[in-house]
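Novice: Predicted model and sequence below, questions to follow.
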Amino acid sequence: MSGGIGRLGQPSNGPADRAQRAQAFIGAASLEVSAKAMPALRAEAARIAPGTTISIPYLPSEDDTARLAAVRAVRELGFEPMPHLSARRIGSQAALEHFIDRAGIDAGVERCLVIAGDLATPAGPFADSTSIIESGVLERAGIKVVAVGGHPQGHPVMTSVDCWRVLERKCQRIEESGMKPLIITQFAFDADSVLTWLNELRSRGITPPVLAGVPGPASIARLVRYAAMCGVSASTSMLSRYGISIGRLLGRAGPDVFVDRLVDGLTEAHGQVSPHLFPFGGIAQSMEWVAHYRMRAGELMTQDGCRPPHPPSQG
């Protein structure tokens, strides 16, 4: 895994070419890790490439003290911390300024993800992620990259038209503020829906890099439960395309089929796209899956007489 963001080329011309693309893609993965999971991240740190982006979600059960401890731990481990900012849960502009200033001073934080949050009534002055972007707080604190959410399978409360309009506006406002936009998608089970969404994203002239959400290996029951919690479509047909039989809820599933389909479908026209792992089955299990996936690709290249690629550049 690396902090870099992969750019895939033309469709595969053979097994070795496809294997090389698969290694480059998974090697550029970022990872979602909550503050309470920092001990697990520390235990697996040796298996994660220096500079890998670690996204730290804003959980209601964790306060700013825990979140700041998490960004410090991520930086101390040699990774790039990216804390989430949940607009409707932030009580005041002063609270936002304090958190983002401390994150910069204590851990050199230069990137963050802004989300609206799930409160019906905002706790403070920020009704949505755009209001944080337009507040001026982020650029004054030295933030260089601002991530926003993408929804390949639709948004629970916005129409498709509104979703695209808001996403485009956010990216424009970020650029106008002198920062760089980044799009992180919700995890999905259907790679074709992600590819279709990417096609429309680029056809609309929205060009920022994309981190495509990938559900890490876990029990099938847990994957279905997280999908329900996060508003992700998990119909029988979508699960089957992911490689899950709804009649096997006691089994386990990994994202091999999903990632293979993304690797096969991504082209130069999709721009910079790399995976963002949600380790629903635990960080150790996700790292084990990454190692196995890369090993499988490496074996295919060796069989074809192809040398493994150099690791993706940091960024």
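Specialist: Okay, I see it.

Novice: give me the low-pLDDT residue ranges for this structure?
Specialist: Applying pLDDT under 70 to the chain flags residues 1-13, 219, 226-253, 300-315.

Novice: the helices in it, which residues?
Specialist: 15-27, 38-44, 64-76, 93-107, 129-133, 137-140, 160-176, 191-203, 220-230, 236-242, 256-265, 283-303 (DSSP state H).

Novice: Next, the angle helix 93-107 makes with the third one.
Specialist: Relative orientation of helix 64-76 and helix 93-107, computed by axes from the mean of the first three to the mean of the last three C-alpha atoms, to 10 degrees: 30 degrees.

Novice: Only the buried residues of helix 64-76, if you could.
Specialist: Applying a neighbour-count criterion of 16 or more other C-beta atoms under 10 Å, one finds 64, 67, 68, 70, 71, 72, 73, 74, 75 buried in helix 64-76. The C-beta positions use only the backbone N, C-alpha and C, and glycine is treated the same way.

Novice: for these, which one is nearest residue 99?
Specialist: residue 64 (5.2 Å; C-beta to C-beta).

Novice: Now do the same contact list for the closest one.
Specialist: 95, 98, 99 (C-beta atoms under 8 Å, 6 or more residues apart in numbering).

Novice: Kindly recompute the last result at 6 Å.
Specialist: residue 99 (C-beta atoms under 6 Å, 6 or more residues apart in numbering).

Novice: separation between it and residue 149?
Specialist: Between residue 64 and residue 149 the distance is 21 Å, computed by C-beta to C-beta, to the nearest Å.

Novice: residue closest to the middle of this protein?
Specialist: Most central in the chain under C-alpha atoms, centre = their mean is residue 276, positioned 3.4 Å from the mean C-alpha point.

Novice: Bridging across strands, which residues link to that one?
Specialist: Assessed by DSSP bridges, residue 276 has beta-bridge partners residue 30, residue 213.

Novice: From residue 116, how far off is it?
Specialist: From residue 276 to residue 116 the distance is 19 Å (C-beta to C-beta).

Novice: Equivalent analysis for residue 30, please.
Specialist: Separation of residue 30 from residue 116 (C-beta to C-beta): 21 Å.

Novice: Then residue 35?
Specialist: Distance from residue 35 to residue 116, counting by C-beta to C-beta: 20 Å.

Novice: Could you give the number of residues near the closest residue in space to residue 116 that isn't next to it in sequence?
Specialist: With sequence-adjacent residues excluded and distances taken as C-beta to C-beta, 6 or more residues apart in numbering, residue 116 is closest to residue 128, at 4.5 Å. Look at residue 128: counted by other C-beta atoms under 10 Å, it has 17 neighbours.

Novice: and what of residue 156?
Specialist: 10.

Novice: One more: residue 87?
Specialist: Neighbour tally, residue 87, other C-beta under 10 Å: 25.

Novice: Test my guess that it contacts residue 118.
Specialist: No. In this structure, residue 87 is not within contact of residue 118 by C-beta atoms under 6 Å, at 10.5 Å.

Novice: Would you mind listing the residues in contact with residue 206?
Specialist: By C-beta under 6 Å, 6+ apart, residue 206 lies in contact with residue 168.

Novice: That one and residue 189, how far apart?
Specialist: In terms of C-beta to C-beta, residue 206 sits 24 Å off from residue 189.

Novice: do residue 132 as well
Specialist: Taking C-beta to C-beta, one finds residue 132 at 30 Å from residue 189.

Novice: Ok, residue 34 next?
Specialist: With C-beta to C-beta as the criterion, residue 34 and residue 189 are 22 Å apart.

Novice: And these two? Which one has more around it.
Specialist: Per other C-beta under 10 Å, whichever of residue 34 and residue 189 has more neighbours is residue 189, with 27 against 20.
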